[in-house]
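Enquirer: turn this into a structure:
(2 chains)
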There are 2 protein chains.
Amino acid sequence: MTLVKVYVNYKKSILNPEAQAIHSALNRLGYSNISDVKLGKYFEITVDDDSKDIDSEINEICDKLLANVNMESYRYEIVEGANA
Amino acid sequence: MTLVKVYVNYKKSILNPEAQAIHSALNRLGYSNISDVKLGKYFEITVDDDSKDIDSEINEICDKLLANVNMESYRYEIVEGANA
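Expert: Sure, this is the predicted structure:
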């Protein structure tokens, strides 16, 4: 088993109203020292070991399904030998 | 500036249909070696340095706003001295 953690975020040039709403809600609740909030998605994908090239597989999956590459960017880290 | 990364995930006992849909879509697309998909939210919060107790502040924010503690669990990591 290999655990892959994938983080999908909006690109900087793309407006994210949900993150802005959270930011202003925090300021309204009195947390005035919060200067920025970013919001993204976080995937934990468990891959069986028979995959020969896990990097190209994960890139394919992200491009096809997990991220909208026009608006979002992604990064991932591979956690070898995870039992999760 | 301190950068705090917050990860919010559904608890294990809570059904997550979006993660299941992604899992079956991946299997249908031919990625049969994917054995599990988990999906959560990922926040990057920039805190100005005048916060005395950043741990208790982040816990409060998560409990009040970022996570539904009945269904979701969260964890966070503090990245000191970040310029992000």
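Enquirer: the lengthiest helix in chain A packs against which elements?
Expert: Secondary structure of chain A read by DSSP state H shows that its longest helix is helix A:17-28. In terms of contacts (3 or more CB pairs under 8 Å, 6 or more residues apart in numbering or on different chains; DSSP states H and E), helix A:17-28 is packed against strand A:34-47. Every residue, glycine included, has its C-beta placed from N, CA and C.
Enquirer: partners of the strand it packs on, with directions?
Expert: strand A:2-10 (antiparallel), strand B:34-47 (antiparallel) (DSSP bridges).
Enquirer: make a markdown table from the ones you listed and add mean pLDDT to it.
Expert: Shown next, in a markdown table, are the strands paired with strand A:34-47 (pLDDT from 0 to 100):
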| stretch | mean pLDDT |
| --- | --- |
| strand A:2-10 | 95 |
| strand B:34-47 | 95 |
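Enquirer: in CSV: the ones you listed, plus distance to B:Ile54.
Expert: Converted to CSV, those look like this (distance: least, CB to CB, whole Å):
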stretch, distance to B:Ile54
strand A:2-10, 22
strand B:34-47, 6
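Enquirer: now render those strands as a markdown table, adding mean neighbour count and distance to B:Asn59.
Expert: Below are these laid out as a markdown table (neighbours: other CB atoms under 10 Å in any protein chain shown; distance: least, CB to CB, whole Å):
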| stretch | mean neighbour count | distance to B:Asn59 |
| --- | --- | --- |
| strand A:2-10 | 19 | 22 |
| strand B:34-47 | 20 | 12 |
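Enquirer: give me the low-pLDDT residue ranges for chain A?
Expert: Low-confidence segments of chain A, defined by pLDDT under 70: A:50-51, A:81-84.
Enquirer: cutoff 90 now
Expert: In the predicted model of chain A, residues A:1, A:48-53, A:80-84 satisfy pLDDT under 90.
Enquirer: now the farthest one out in it, which residue is it?
Expert: Relative to the mean C-alpha coordinate of chain A, counting by CA atoms, centre = their mean, the farthest residue is A:Gly30 (28.0 Å).
Enquirer: mind telling me what element that residue is part of?
Expert: Under the criterion DSSP states H and E, no helix or strand holds A:Gly30.
Enquirer: could you look up the SS state of the closest residue to A:Asp63 other than its chain neighbours?
Expert: Spatially, and ignoring its direct neighbours in sequence, A:Asp63 is nearest to A:Val69 (5.9 Å; CB to CB, 6 or more residues apart in numbering or on different chains). The local conformation at A:Val69, judged by DSSP: H, G, I helix; E, B strand; the rest coil, is coil.
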